[in-house]
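**Q** Starting from these lines, generate the structure:
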Amino acid sequence: MSEPQESARSVLVTGGNRGIGRAIAEAFLAQGDKVAVTTRNGGGPDGALDVRCDVTDPEQVEAAYAEVEAAHGPVEVLVANAGITKDTLLLRMSEDDWSSVIETNLTGSFRLAKRASKGMLRLKRGRIIFISSVVGLLGSGGQVNYAASKAGLVGMARSIARELGSRGITANVVAPGFVETDMTEALTDAQKDAIKAQVPLGRYASTDEVASVVTWLASDGAGYVTGAVIPVDGGLGMGH
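**A** Residues are numbered from 1 along each chain as shown. The predicted structure follows:
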């Protein structure tokens with residue numbers, strides 16, 4: 001029998017100031033966990049430790065972990081959510097359009113997971129959850145860089161799952177589809193209708209629906225789930 005888990009865990013959510021990341025942070029706070037969020041410009045939810053961090057800077061990542069560990073103890077649940085898009089067609093995609101998206105979404109997640117694993121190995125437990133996208137599995141015109149970065153998270157998570165599983169550490173991926181956020185609000189009604197027509201459930205996800213899958217993956221009930229890719233996409237990417 002493993003020791004009972006303390007009720008309040010040290011949770012770190014990157015990109016926790018808006019959209020999916022904020023909903024995830026709020027869901028862990030509602031459970032009574034000690035939550036830290038990283039943001040580039042501040043504005044995390046009430047009750048969370050708001051840490052400034054650009055995940056493309058290794059020194060900032062190290063400093064962020066030091067701040068979180070001092071306040072909440074070693075990170076027991078990492079949710080790597082911070083991400084950017086620089087959408088354009090392949091032939092117009094600049095070196096920077098490519099490298100900046102890969103650096104933030106994929107390499108940033110690598111840095112976060114590597115640093116979190118140090119504390120998790122000492123604790124002999126931990127949950128690493130990467131926020132990917134249905135686009136990483138289905139592809140999307142104009143998003144070669146973003147899709148590649150999000151697909152890369154799957155290979156990373158499954159390799160970590162194999163490497164660290166014997167130490168009580170799980171690594172999983174959540175792949176949201178279209179979600180009601182500031183990013184989707186900018187679409188025209190015609191664009192929104194066209195997207196909904198592709199989704200069997202005929203609607204967008206709420207950020208809370210994504211957050212509830214993340215909190216479940218971090219719960220005792222998901223202790224035997226690792227290396228999984230869980231879609232929250234209304235059936236859009238079925239079978240992928």
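
**Q** ok, the closest residue to residue 149 other than its chain neighbours - contacts?
**A** Leaving aside its sequence neighbours, residue 149 sits nearest to residue 105 (C-beta to C-beta, 6 or more residues apart in numbering; 3.6 Å). The way it works is simple: take the backbone N, C-alpha and C, and place the C-beta from them, glycine included. Residue 105 sits next to 82, 83, 84, 146, 149, 150, 152, 153 when contact means C-beta atoms under 8 Å, 6 or more residues apart in numbering.

**Q** quick one: pLDDT of residue 105?
**A** If you check residue 105, the pLDDT there is 97.

**Q** Could I get the buried residue list for stretch 53-62?
**A** Under the neighbour-count criterion of 16 or more other C-beta atoms under 10 Å, stretch 53-62 has 53, 55, 56, 60, 61 buried.

**Q** May I ask you to confirm that the third one is in contact with residue 108?
**A** To tie it back to what came earlier, the one meant is residue 56. Yes - in this structure, residue 56 is within contact of residue 108 by C-beta atoms under 8 Å, at 5.9 Å.

**Q** The lowest-mean-pLDDT helix or strand in the chain - contacts with which helices or strands?
**A** Ranked by mean pLDDT, DSSP states H and E, the helix or strand of the chain with the weakest confidence is helix 182-185, at a mean of 72. Using 3 or more C-beta pairs under 8 Å, 6 or more residues apart in numbering; DSSP states H and E as the contact test, no helix or strand touches helix 182-185.

**Q** and after that helix, which helix or strand comes next?
**A** Downstream of helix 182-185, the first helix or strand assigned by DSSP states H and E is helix 189-198.

**Q** C-alpha coordinates for that next one, PDB please?
**A** Presented in PDB, the C-alpha positions along helix 189-198 are these (Å, rounded to 0.1, in the frame of the first residue of the first chain):
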ATOM      1  CA  ASP A 189     -19.800  33.400 -36.900                       C
ATOM      2  CA  ALA A 190     -19.400  31.700 -40.200                       C
ATOM      3  CA  GLN A 191     -16.000  30.300 -39.100                       C
ATOM      4  CA  LYS A 192     -17.500  29.100 -35.800                       C
ATOM      5  CA  ASP A 193     -20.400  27.400 -37.600                       C
ATOM      6  CA  ALA A 194     -18.000  25.700 -40.000                       C
ATOM      7  CA  ILE A 195     -16.000  24.300 -37.100                       C
ATOM      8  CA  LYS A 196     -19.000  23.100 -35.200                       C
ATOM      9  CA  ALA A 197     -20.200  21.300 -38.300                       C
ATOM     10  CA  GLN A 198     -17.100  19.100 -38.000                       C
END
